[in-house]
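In: Show me the folded form of this:
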Amino acid sequence: MTIGVALGGGAVRGLAHIGVLKAFKRHGIPIDFIAGTSIGGAIGGLVAAGIDIEELESFILSYPWYRLVDVGVGKGGILSGNRIRDALMELLKQKGMAETRIEDLPIPFRAVSVDLIKGQPYIWERGPLILAIRATTSIPGIFAPVTYQDMVLVDGGVLNNLPADLIRQAGVERVIAVDVEREHEAREPRNLWEVIYRSYTIMSVALRRSNLQYADRVLRPNVGHILALDLTKMKESIQAGEEEALLHIEEIRKWRLQAVPDNRREHLPTETETARH
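Out: Okay, here's the model as predicted:
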């Protein structure tokens with residue numbers, strides 16, 4: 001039975017995805033398909049490219065993140081985002097993957113962005129991996145948009161912050177969604193960052209909840225108390241993801257031995273649909 005993982009956005013809280021994937025690796029659970037948005041798209045893309053999850057964890061926890069603050073007011077965001085791209089490029093170069101394209105990845109992968117010109121989602125199914133990661137992590141108002149072809153792309157969380165639907169549409173038999181967003185907090189935002197990020201997350205709540213219907217199992221790491229941009233909580237977020245995954249490991253391991261459930265067969269694509277993808 002094939003297993004796909006949808007990794008949602010949540011900034012620092014999204015580092016819980018590393019803990020989840022690390023637990024899967026340690027317990028011998030292979031992943032056949034990954035779809036992600038924002039930080040989930042970044043982590044998912046790197047893992048789909050073949051970067052070891054524990055190596056990725058080490059890179060993130062040891063990287064001097066203060067080097068990523070590149071002010072770019074007037075470019076569409078408070079931060080230009082070029083140094084984030086450079087940090088990811090640095091990791092990909094270390095692995096000889098700087099020119100990697102999505103269609104060539106060993107694990108099928110999708111990332112979600114939103115085109116500000118057409119007002120529609122853009123699903124990265126092919127193209128440069130590094131550009132897809134930059135686009136899906138370009139939080140509106142914080143990081144500058146990415147120009148690609150005739151589009152202006154930002155973080156896909158505006159319209160699809162937890163893309164479990166993309167995995168189901170691809171015909172994967174079991175879908176795991178990792179939800180790291182916090183519920184709305186009834187208090188005044190404390191700074192400009194919180195104003196922007198909270199406005200952004202409020203817009204994405206309804207569709208995120210709707211997309212949970214496509215998941216066979218929803219993992220909710222205990223990260224709701226962690227602020228989205230609190231870099232001091234990176235290790236805590238990773239640990240929370242691992243702990244949550246371990247609670248469901250036996251259930252997920254058994255899936256490999258099961259046939260496709262009857263109530264999911266209607267979601268599997270026809271041969272014609274598969275050819276189109």
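In: Quick check: chain neighbours aside, which residue is closest to Leu212?
Out: Of all residues not flanking Leu212 in the chain, Val218 sits nearest, at 5.6 Å (Cβ to Cβ, 6 or more residues apart in numbering). C-beta coordinates here come from the backbone N, C-alpha and C atoms, glycine included.
In: Now for that neighbour, how many residues are close by?
Out: Here the count is done by other Cβ atoms under 10 Å, and Val218 has 16 residues near it.
In: Would you agree it falls within a helix?
Out: No - judged by DSSP: H, G, I helix; E, B strand; the rest coil, Val218 forms no part of a helix; its state is strand.
In: Bridge partners for it, pull those for me.
Out: Counting by DSSP bridges, Val218 forms beta bridges with Ala177.
In: List the residues that contact it.
Out: Val218 makes contact with 176-179, 212, according to Cβ atoms under 8 Å, 6 or more residues apart in numbering.
In: could I get these as TSV with neighbour count?
Out: TSV is the format used below for the contacts of Val218 (neighbours: other Cβ atoms under 10 Å):
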residue	neighbour count
Ile176	25
Ala177	27
Val178	30
Asp179	26
Leu212	16
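In: possible to save the residues you listed as TSV with distance to Gly36 and pLDDT?
Out: Shown next, in TSV, are those (distance: Cβ to Cβ, whole Å; pLDDT from 0 to 100):
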residue	distance to Gly36	pLDDT
Ile176	12	98
Ala177	11	98
Val178	9	97
Asp179	12	94
Leu212	15	90
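In: for this structure, which residue is closest to the average position?
Out: Gly40 (1.5 Å; Cα atoms, centre = their mean).
In: Phi and psi next, for it.
Out: phi -70, psi -30 (degrees, to the nearest 10).
In: Would you mind measuring from it to Gln94?
Out: For Gly40, the distance to Gln94 equals 22 Å [Cβ to Cβ, to the nearest Å].
In: before we move on, back to that, now the residue nearest to Leu212: how far from Gly171?
Out: Val218 sits 20 Å away from Gly171, going by Cβ to Cβ.
In: still on that earlier bit, specify which member of the contacts of Val218 is nearest to Glu125.
Out: Comparing the contacts of Val218 against Glu125 with Cβ to Cβ places Ala177 closest, at 19.6 Å.
In: these two touch, right, that closest one and Gln213?
Out: No - between Ala177 and Gln213 there is no contact under Cβ atoms under 8 Å: 9.8 Å.
In: what's the nearest residue in space to Arg126 that is not next to it in sequence in contact with, if anything?
Out: Leaving aside its sequence neighbours, Arg126 sits nearest to Glu103 (Cβ to Cβ, 6+ apart; 4.2 Å). By Cβ under 8 Å, 6+ apart, the contact set of Glu103 is 125-127.
In: And the strands in the stretch 151-277 of the chain?
Out: Remark: strands assigned in the stretch 151-277 of the chain by DSSP state E, counting those that start in this stretch are 151-155, 174-178, 217-219.
In: So which of those is nearest Phe24?
Out: Evaluated with Cβ to Cβ, those place strand 174-178 nearest to Phe24, the distance being 8.9 Å.
In: Just the C-alphas of that closest one, formatted as PDB.
Out: Extracted in PDB, the C-alpha atoms of strand 174-178 (Å, rounded to 0.1, in the frame of the first residue of the first chain):
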ATOM      1  CA  ARG A 174      -3.100   6.200   2.300                       C
ATOM      2  CA  VAL A 175      -2.700   9.900   3.200                       C
ATOM      3  CA  ILE A 176      -1.100  11.300   6.300                       C
ATOM      4  CA  ALA A 177      -1.600  15.000   7.000                       C
ATOM      5  CA  VAL A 178       0.700  16.800   9.500                       C
END
